[in-house]
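[1] structure for the following, please:
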Amino acid sequence: MEVICDRKYCSACKACVNACPRQCISMEVDSLDCPYPVINQERCVDCGQCQKSCPNCNELDFHKTRKVLAAWSLDTETRKRSASGGVAAELYKYAIENGWHAFGVFINREKASFIAVNSLEDIENVRNSKYVYSDTNNIYSQIKIKLNRGQKVLFVGLPCQVAGLYSFLGGGNTKLTTVDLVCHGVVPDEYLKQHIDRIERSAKKKTTKIYFRNPDLHTYTYTFTLEDSNQLFYRKQVYEDDVYQLGYHKALIYRENCFNCRFAQQKRLGDLTICDFPMVGEVIPVSYNRMNVSCVLVNTERGEQFIDCLKERLFLEQRPWEEAFEYEPQLNHPYERHPGRELFMKEYTTNHDFQRAASIALKKELDGYKVSHPNFLLRTKRIIVAKFDSFLHVFHRYFARRWHRPYVPFGSVLMLHRIDNLDGNGIWYNQHLRMSPTIVKEMVGYARKHKCRFVSLDEMEEAIRKKKNVRRWIAITLDDGYRDNYLNGVFLFRKLNVPYTIYVCTKMVKGEMLYWWEILEQLILRHDEIVLNDGRTFDCSTKEAKEQAFLDIREIILKLSQDNLLERLKELFGNYEVNYNYGNDSLGLTWKQIRELMNDSLATIGNHTYSHSAFTGCTDDEICADIKHATDDMLANTGITMQHFAFPFGEATAVSQHDVDLIKQLGFKTSATTKDGLVCYGTDPLELPRIFVTERNWKQVIDRIIANC
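    Next comes the predicted model:
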């Protein structure tokens, strides 16, 4: 055997090294110091085991993701010290506590390599990101021995390493659970060694600890640090003048296979996939801070069972498919080479000097950094941050509040929809719109205990306009105009003495709404399988399957043209008997109820358009007509002139500055979006951010207000 696989796909996973019965395969570096397997031809007997174990020579079992979850460890310290949300750390904990064998990557000054994670203390060694090649050593062979003994194994690694393990084993194993980490690329460890050597010579220090995302400086800042036995002596953030950081994040210094990666795609190999989740909330707003949140892709039944075992350890929330797959490049394709890649390769091959080669290839980035970050200012900034960060934070907030600086938050507008008990058998996507009266009461009590004040939208608008020196003001709003706002909400808010605003979509009041999300839920709950008219089939046999089917079909409906939506739905669900008038006699407020609400001094009625159609794609005339239709309906039936408005779809991508200007021309005092955020002194009352509140997140929302206002 002369060649195992095409080098442009070889990840140096060492499955072939582990598989060779003659031990005639060794790893040797090429001109770029990238290791590759080389066969000793004198000892090779052409048994073919190397190719049988190579993931590039065999078909692999990729899986379509079943669920996308936002997740983080409920242990604050674990979450803080982990790269994103601390999910991997909790997986390790569970495995160890239940007698599993776990394997992960440890890094020191010399190299990164896989180790057995046998104790809770070992978790600290494998925590956090390692932006360098990690050696699998003989881990695959160790895992095979464990599995043959019937012992359970957890393996956490890059997709190419998971692929190597499966190929080495000849397929999956019921005792094996794999977690693949979404990867930008892999850097030869020689580059990191040279980089650290150079820094150590300059600082006259010896490295004992390496972080690519130092938790003491917040992992979301991606700060690369080196420490000796006494203190931190080097730190650089991503786009400062550290050539290793720049080279990694700019896709300059990866192995060749990373640019041809088979695993940078939507279908996954691992039972679970973990990555950062910077775009959580882009499709459906979230109320929590988006820092230190992990994205977990559940890809197999085994992965689903495993993650279910951690519900007491993790915050878990199902998220729309797009928030993961449409915003994370590595879930769709490999990174493209940096324009200076050829120059780097030529220079490094000639001199084997990483600093020189990377500096030449990154000249544009480094020159740009020097212009925007003069050295003396940078040093001054670092000294201030390191020595006076805490003092400056307190000083700034105290005086900023007194001077009413525009970016200082003083309160929040909370967004609810329904005041009703959850249906345990319902689809969570619909159910999460509900908050039971008991939970609302608990939330209000908790907020008041921490000196929060509940105010009306008029009071909130006045505080912004007059820049009142206030703190922890909260306004409650309810979207759409559900009937339970009256049946359950009025008495509750009177009892609690809490002002509230209901944004009414008058199409609901008139009984003309197409509640397609409710109709879809009823259809899925009645069947074990849904077959659309075009032949697409969705499993609905279990609770989890029904949840996923709802999300999948919902995406299909949202992509349909909203013109003649009823006819399009009838065509889509032509195989079933469907009541398309569902909810029109029971879900919306009535005109009589709205008139009674106006006798309540705590209540405010706002405009939520007539049709609840997104503004995207509509002309100004169409938007104004829709809003005026609602205004005229309300005036004719109740005599109310509405002064407050809420965008029907108010996320960042659905509301433009032009839309805000249009609302201003229509004479509203405020308009509310669903953009997540706190209200500051400089907030535009016609572009109010709101925080979406559910039964699961209300305490985190109030804690966020307490901490920041």
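
[2] Arg255 reaches Lys8, doesn't it?
    No. With contacts defined as C-beta atoms under 8 Å, Arg255 does not count as touching Lys8, sitting 9.6 Å away. Where C-beta positions appear, they are placed from N, C-alpha and C, glycine not excepted.

[3] more neighbours, these two?
    Counted by other C-beta atoms under 10 Å, Arg255 and Lys8 do not tie: Arg255 has more neighbours, with 24 against 11.

[4] pop out the phi and psi values for the more buried one.
    For Arg255, the backbone dihedrals are phi -60, psi 160 (criterion: degrees, to the nearest 10).

[5] cool, and the one 3 residues further on?
    Phi and psi for Cys258, reported as degrees, to the nearest 10, are phi -70, psi -30.

[6] make 49 the first number, not 1, from now on.
    Renumbered: residue one is now 49, and that last one reads Cys306.

[7] how many residues are close by it?
    22.

[8] lowest-pLDDT helix or strand in the protein?
    In the chain, the helix or strand scored least confidently by mean pLDDT, DSSP states H and E is helix 423-451, which has a mean of 49.

[9] which other helices and strands contact the following helix or strand past it?
    Per DSSP states H and E, helix 423-451 leads on to strand 457-464 as the next helix or strand towards the C-terminus. Under the contact criterion of 3 or more C-beta pairs under 8 Å, 6 or more residues apart in numbering; DSSP states H and E, the helices and strands touching strand 457-464 comprise helix 505-514, strand 521-528, strand 727-728, strand 739-740, helix 746-756.

[10] any chance of the ones you listed in a markdown table, plus mean neighbour count and distance to Val557?
    Rendered in a markdown table, the data for the helices and strands packed on strand 457-464 read as follows (neighbours: other C-beta atoms under 10 Å; distance: least, C-beta to C-beta, whole Å):
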| stretch | mean neighbour count | distance to Val557 |
| --- | --- | --- |
| helix 505-514 | 18 | 20 |
| strand 521-528 | 24 | 10 |
| strand 727-728 | 22 | 29 |
| strand 739-740 | 24 | 23 |
| helix 746-756 | 18 | 28 |
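
[11] can you redo the ones you listed as a markdown table with mean pLDDT?
    Shown next, in a markdown table, are the helices and strands packed on strand 457-464 (pLDDT from 0 to 100):
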| stretch | mean pLDDT |
| --- | --- |
| helix 505-514 | 94 |
| strand 521-528 | 97 |
| strand 727-728 | 91 |
| strand 739-740 | 92 |
| helix 746-756 | 91 |
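
[12] compare these and give me the one nearest Ser609.
    In terms of C-beta to C-beta, the element of the helices and strands packed on strand 457-464 nearest to Ser609 is strand 521-528, at 22.1 Å.

[13] identify all contacting residues around the helix or strand following the closest one.
    Next along the chain after strand 521-528, taking DSSP H and E as the criterion, comes helix 532. Outside helix 532, the residues that touch it by C-beta atoms under 8 Å, 6 or more residues apart in numbering are Arg466, Ile467, Asp468.

[14] for stretch 347-362, same thing?
    Defining contact as C-beta under 8 Å, 6+ apart, one finds that stretch 347-362 is touched by 111-115, 117, 119-123, 135, 138-139, 141-142, 222, 225, 316, 318-321, 344, 346, 364, 592.

[15] restricted to helices, list those residues.
    Val135, Glu138, Leu139, Lys141, Tyr142, Glu592 (DSSP state H).

[16] what's the distance between the most centrally placed residue in the chain and Glu248?
    The C-alpha lying nearest the average C-alpha coordinate of the chain belongs to Phe325 (C-alpha atoms, centre = their mean; 2.5 Å). Taking C-beta to C-beta, to the nearest Å as the measure, Phe325 falls 35 Å from Glu248.

[17] I'd say the residue nearest to the centre of the chain and Leu345 touch.
    No. Taking contacts as C-beta under 8 Å, Phe325 lies outside contact range of Leu345: 10.5 Å.

[18] what sits in contact with each of these two?
    Jointly contacting Phe325 and Leu345 under the rule C-beta under 8 Å, 6+ apart are Ala372.

[19] which ones are touching Arg602?
    Taking C-beta under 8 Å, 6+ apart as the contact definition, Arg602 lies against Tyr477, Trp565, Leu568.

[20] which helix or strand contains it?
    Under the assignment given by DSSP H and E, the secondary-structure element containing Arg602 is helix 591-606.

[21] give the buried residues for that helix.
    Neighbour-count burial for helix 591-606 flags Glu592, Ala593, Lys594, Glu595, Gln596, Ala597, Phe598, Leu599, Ile601, Arg602, Ile605 (criterion: 16 or more other C-beta atoms under 10 Å).

[22] what about it, average pLDDT?
    Confidence over helix 591-606, taken as the mean pLDDT, stands at 88.

[23] next secondary structure after it?
    With elements assigned by DSSP H and E, the helix or strand that comes after helix 591-606 is helix 613-620.

[24] near the closest residue to Asn221 other than its chain neighbours, how many other residues are there?
    Distance criterion C-beta to C-beta, 6 or more residues apart in numbering; nearest residue to Asn221, sequence neighbours excluded, is Leu195 at 5.1 Å. Summarising burial for Leu195: neighbours were counted as other C-beta under 10 Å, giving 17.

[25] make sure Leu195 is indeed in a strand.
    No. Judged by DSSP: H, G, I helix; E, B strand; the rest coil, Leu195 forms no part of a strand; its state is helix.

[26] that one against Lys223, yeah?
    Yes. At 5.3 Å, Leu195 counts as touching Lys223 under the criterion of C-beta under 8 Å.

[27] what is in contact with the two at once?
    Counting by C-beta under 8 Å, 6+ apart, the shared contacts of Leu195 and Lys223 are Val201.

[28] quick revisit: can you tell me the closest non-neighbouring residue to the residue nearest to the centre of the chain?
    Cys343 (3.7 Å).

[29] beta partners for the one you found?
    Ala118, Cys323 (DSSP bridges).

[30] got a pLDDT number for it?
    96.

[31] for it, what are its contacts?
    The contact partners of Cys343, taken as C-beta under 8 Å, 6+ apart, are 116-119, 132, 230, 321-325, 328, 367, 371-372, 376.

[32] domain map for the protein?
    According to automatic domain parsing, the chain is divided into the following domains: 55-101, 115-231+314-379, 239-300+387-421, 457-561+631-756, 568-620.

[33] now the end-to-end length of the last one.
    Its start and end residues considered, domain 568-620 measures 11 Å (C-alpha to C-alpha, to the nearest Å).
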